[in-house]
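Engineer: return atomic coordinates for the entry below.
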Amino acid sequence: QSYSYLCASESETIMSGKAKRTTKAVSPSKNPPYIRMVFEAISATHHAGKGVSRQKIAAYIKANWDNIAEGAHFNAALRHALKDGIDRGVLVQGETIQRWKITDLGRKERGEQKLSKKYDIDEEEKKEKKAKAAKKKAA
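Structural biologist: Numbering: from 1, shown residues only. Predicted coordinates:
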């Protein structure tokens, strides 16, 4: 049989009859999602009710977690986390456009042990309406 269509490394493997071993790279330490890092940065930084600036959040994250992306990737991930937090209602803008605070819903999410648990303000309002309706119906 002719194996001319195979590349050199494949033909060597077939001819020798032994499969080459590939080693997996050791995965770096897992960091929490960016929104969790933002929660911790806001709660750990003293902001006197004005909210924490994006620059302080970024500095805190870079100082406290290893293997964080640098440059444009980090900025995009942080911006996406902040926007997602505002959309879900767990973050609100502070005194200025570039400051953020955690809402009560965000504090509830931050306290969750499961990292995958996310809260959405619309879902929470629906739950409250159902609870009120059930309470009203029971009375």
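
Engineer: what about residue 138, how many neighbours?
Structural biologist: Counted with other C-beta atoms under 10 Å, residues neighbouring residue 138 total 6. Where C-beta positions appear, they are placed from N, C-alpha and C, glycine not excepted.

Engineer: got it, and residue 91?
Structural biologist: 24.

Engineer: make 55 the starting number, not 1.
Structural biologist: Okay, using 55 as the starting number, the last item reads as residue 145.

Engineer: so what pairs up with it in the strands?
Structural biologist: residue 156 (DSSP bridges).

Engineer: hmm, residue 139 and it touching each other?
Structural biologist: Yes. With contacts counted by C-beta atoms under 8 Å, residue 145 reaches residue 139, the gap being 3.5 Å.

Engineer: what touches both of the two?
Structural biologist: The contact sets of residue 145 and residue 139 overlap at 92, 154, 160 (C-beta atoms under 8 Å, 6 or more residues apart in numbering).

Engineer: which of these has the most neighbours?
Structural biologist: Per-residue neighbour counts (other C-beta under 10 Å) across those peak at residue 92, which has 28 neighbours.

Engineer: quick check: which element contains it?
Structural biologist: helix 88-98 (DSSP states H and E).

Engineer: which residues touch that helix?
Structural biologist: 85, 105-106, 110-111, 114-115, 118-119, 131-132, 134-136, 138-139, 144-145, 154-156, 160, 163-164, 169.
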